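Peer 1: Provide a 3D model corresponding to the input given below.
(2 chains)
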Amino acid sequence: MSQLKVYNTLTRKKEVFKPINPPHVGMYVCGPTVYSDVHIGNCRTIVSFDVIYRYLQHLGYSVRYVRNITDVGHLENDSDEGEDKIAKKAKLENVEPMEVVQRYTNGFHEVVEMLNTLKPSIEPTATGHMLEQIEYVQAIIRSGYAYESNGSVYFDVEKYSEKYNYGDVSGRKIEDLKNNTRDLKGQGEKKCPLDFVIWKRADPKHTMQWNSPWGKGFPGWHLECSVMSTKYLGDEFDIHGGGMDLKFPHHECELAQNTAYSGQSQSVKYWLHSNMLTLNGEKMSKSTGQFFLPKQIFEGTTELLEKAYSPMVVRFAMMQCHYRSTMDLSNDALFAAEKGLARLKKGLESIDILKDGDQSFLDVNLIEASLESAMNDDFNTPVLVANLFDAVKQINSSVQNEKPITQEDRQKLKGLFDVYVTQIMGIQLIESSKSSDDSKTIENDLIQLAVDLRNQAKKGKDWETSDLIRNELTKLGIQLKDSKDGTKWSK
RNA sequence: GGUUGCGUGGCCGAGUGGCUAGGCACAGGUCUGCAAAACCUGCUACGGCGGUUCGAUUCCGUCCGCAACCUCCA
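Peer 2: Purely as a prediction, here's the structure:
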């Protein structure tokens, strides 16, 4: 069996994955800031790490998956006047900040559930860890890497970089950062423009504020992830994930905070980053309005797409692209994914109609090895999918040529689909058969009646009538398929 | 401007120093009263120019184009 290799942003290499305390694995992924609807680009990251989570479990690891909800502290910008995103939204809509938080947290959960992602083991919130965050700030001040200034507390990047490397995650050099920092207004409280806020003074009008040793205020955005990851996973843990765009400054700051806090410079063993989703070649982004919402795809209510695509189709489209590559979302891509998914599904169904025999036409172990090695190569789902399609091709041609398969291999082959498609990629091939209510039964019976009538017409070679029925049913969105075994229909 | 990454056939997207994924689309075929669907077969690409090499799409250099980050974003 091959070993799992993961691409570590820190070393920019694929490394053999060795957990710190096997069989336990600690994984922290940056979740959403719940100040507006989650868009489909956000979802890609969640789905990417969902597959990673699922695969680690498949390998037998006991994973503690922590994903935060940012409900305070995320500023609009880095200046002193920078406003908290949630507070701003609450003011705008004249509601409680926690109302904003609750609404968009609910929306986020609803969408990621539709995309069939597993829930994290712990989903902590920033507001729920205020004491821990204040203590963390105090600890960093004690260690000498933070200073108070006018009621706010800043992380001292220059001091930090005397002993440690600031820039490891994003691959930056401190000199370059100094030279390229834009001049922002209102940075007077900082010793150096690179310093970042870990505790922010709140003015009296601010709706979200807590008492602290430095007066009333709220935590800086980067702080919560440091605090909550180490609280639940320890000062040293295995995987930290998030979107590429968080490398700098968010993850860079997080790592610096961790190190300053614990003196342990290897707080995270593997940094994993998923790439961006693009729309017409440009990054989806809330701040530029360049995005669409998941529901617009599921319901087909965006002009950029020709029709609606189900969450499973969207998820499958994501699987056909590696998590570290940018993925361009388009109607063509989704259309192709929809057709491909149907093909995969048909392939699975065809396993049942393969002929019994003493020998098998295909080597199931070989297929299994190909699926496993794809996933072990830094979670390469596109290759996994390609290998599955290879299997489908073999299945189809065997159905055609009536080649046999042993009972044992048949079960094993079906098992592979279940494990790799359903459990690891999280794609439901078989729709959960929702108990058909009465009206649906009647509908089905009526359709069957029309089909029967048409078949009677066909028997009498009354093509005019039979085509009329077929065409009218097509107009209603019902497709008829004639075959040797009779006529089947689908919606 | 700085940093990082990318540029693959009609489209989407893997990967590799020689054996040159996969899906969609397209073409031909099987099936069919005709369709549709399904299935089978076909379709040999890696931005330009140099270099290293027996051999490069893959390594190196350079040029062009694109993107991300450098300010909030998954």
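
Peer 1: Report the buried residues of stretch A:448-458.
Peer 2: A:Ala450, A:Val451, A:Arg454, A:Ala457, A:Lys458 (16 or more other C-beta atoms under 10 Å). (C-beta placed from N, C-alpha, C; glycine too.)

Peer 1: for stretch A:65-80, same thing?
Peer 2: By neighbour count on 16+ other C-beta under 10 Å, the buried set for stretch A:65-80 is A:65-75, A:78, A:80.

Peer 1: Kindly report the same for stretch A:350-360.
Peer 2: A:Ile351, A:Leu354, A:Ser360.

Peer 1: and the last one, backbone torsions?
Peer 2: Yep, that's A:Ser360 we're talking about. Backbone geometry at A:Ser360, expressed as degrees, to the nearest 10, gives phi -110, psi 140.

Peer 1: and of the buried residues of stretch A:65-80, the nearest to A:Glu113?
Peer 2: A:Arg67 (13.6 Å; C-beta to C-beta).

Peer 1: That closest one contacts A:Val29, doesn't it?
Peer 2: Yes - using C-beta atoms under 8 Å, A:Arg67 makes contact with A:Val29 at a distance of 4.7 Å.

Peer 1: what sits in contact with each of those two?
Peer 2: Here A:Arg67 and A:Val29 have A:Ile46, A:Phe49, A:Pro120 as joint contacts, going by C-beta atoms under 8 Å, 6 or more residues apart in numbering.

Peer 1: In TSV: the buried residues of stretch A:65-80, plus secondary structure.
Peer 2: Below are these laid out as TSV (DSSP: H, G, I helix; E, B strand; the rest coil):
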residue	secondary structure
A:Tyr65	strand
A:Val66	strand
A:Arg67	strand
A:Asn68	coil
A:Ile69	strand
A:Thr70	strand
A:Asp71	coil
A:Val72	coil
A:Gly73	coil
A:His74	coil
A:Leu75	strand
A:Asp78	coil
A:Asp80	coil
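
Peer 1: Out of those residues, which two sit at the greatest distance?
Peer 2: Longest span within the buried residues of stretch A:65-80, C-beta to C-beta: A:Tyr65 and A:Asp80, 36.4 Å.

Peer 1: got the contact list for the residue of chain A at minimum distance from RNA strand B?
Peer 2: With C-beta to the nearest atom of the strand, the shortest gap between chain A and RNA strand B falls at A:Gly243, namely 2.0 Å. A:Gly243 sits next to A:Cys30, A:Asn42, A:Thr45, A:His273, A:Ser274, A:Asn275, A:Met276 when contact means C-beta under 8 Å, 6+ apart.

Peer 1: let's see it at 6 Å
Peer 2: By C-beta atoms under 6 Å, 6 or more residues apart in numbering, A:Gly243 lies in contact with A:Thr45, A:Ser274.

Peer 1: Okay, and the beta partners of it?
Peer 2: A:Ser274 (DSSP bridges).

Peer 1: and the buried residues of stretch A:448-458, which of them are in helices?
Peer 2: A:Ala450, A:Val451, A:Arg454, A:Ala457, A:Lys458 (DSSP state H).

Peer 1: what about stretch A:382-402, near RNA strand B?
Peer 2: Yes - Stretch A:382-402 lies within reach of RNA strand B by C-beta under 7 Å from any atom of the strand, at A:Pro382, A:Val383, A:Val385, A:Ala386, A:Phe389, A:Asp390, A:Val392, A:Lys393, A:Asn396, A:Ser397, A:Val399, A:Gln400.

Peer 1: what does that stretch contact?
Peer 2: By C-beta under 6 Å, 6+ apart, stretch A:382-402 touches A:319-320, A:322, A:347, A:350, A:354-355, A:361-362, A:367, A:370-371, A:374-375.

Peer 1: Pick out the most distant pair among these.
Peer 2: Longest distance between any two of those is 37.0 Å, between A:His322 and A:Lys355; criterion C-beta to C-beta.

Peer 1: Give me the buried positions along stretch A:196-205.
Peer 2: Across stretch A:196-205, burial judged by 16+ other C-beta under 10 Å covers A:Phe196, A:Val197, A:Ile198, A:Trp199, A:Lys200, A:Arg201, A:Ala202.

Peer 1: Retrieve the pLDDT associated with the second one.
Peer 2: By that I understand A:Val197. According to the prediction, A:Val197 has pLDDT 93.

Peer 1: Identify the residue spatially nearest to it, adjacent ones excluded.
Peer 2: A:Gly220 (4.3 Å; C-beta to C-beta, 6 or more residues apart in numbering).

Peer 1: RNA strand B contacts on the stretch 301-450 of chain A?
Peer 2: Counting by C-beta under 7 Å from any atom of the strand, the stretch 301-450 of chain A sits next to RNA strand B at A:320-322, A:325-328, A:330, A:332-333, A:335-337, A:339-340, A:342-343, A:346-347, A:377-378, A:380, A:382-383, A:385-386, A:389-390, A:392-393, A:396-397, A:399-400.

Peer 1: mind running it again at 6 Å?
Peer 2: Taking C-beta under 6 Å from any atom of the strand as the contact definition, the stretch 301-450 of chain A meets RNA strand B at A:320-322, A:325, A:327-328, A:332-333, A:335-336, A:339-340, A:342-343, A:346, A:380, A:382-383, A:385-386, A:389-390, A:393, A:396-397, A:400.

Peer 1: Now the buried members of the residues you listed.
Peer 2: Buried by 16+ other C-beta under 10 Å: A:Gln320, A:Cys321, A:His322, A:Met327, A:Ala333, A:Phe335, A:Gly340, A:Asn380, A:Val383, A:Val385, out of those.

Peer 1: The fourth one contacts A:Ala317, doesn't it?
Peer 2: In other words, A:Met327. No - between A:Met327 and A:Ala317 there is no contact under C-beta atoms under 6 Å: 7.8 Å.

Peer 1: Contacts for stretch A:17-31 next, please.
Peer 2: By C-beta under 6 Å, 6+ apart, stretch A:17-31 touches A:4, A:6, A:49, A:56, A:61-69, A:229, A:233, A:236-242, A:246.

Peer 1: of those residues, buried ones?
Peer 2: Among the contacts of stretch A:17-31, those scoring as buried are A:4, A:6, A:49, A:56, A:61, A:63-69, A:229, A:233, A:236-242, A:246 (criterion: 16+ other C-beta under 10 Å).

Peer 1: List the ones among those that fall in strands.
Peer 2: Per DSSP state E, strands hold the following members of these: A:Val6, A:Val63, A:Arg64, A:Tyr65, A:Val66, A:Arg67, A:Phe237, A:Asp238, A:Ile239, A:His240, A:Gly241, A:Gly242.
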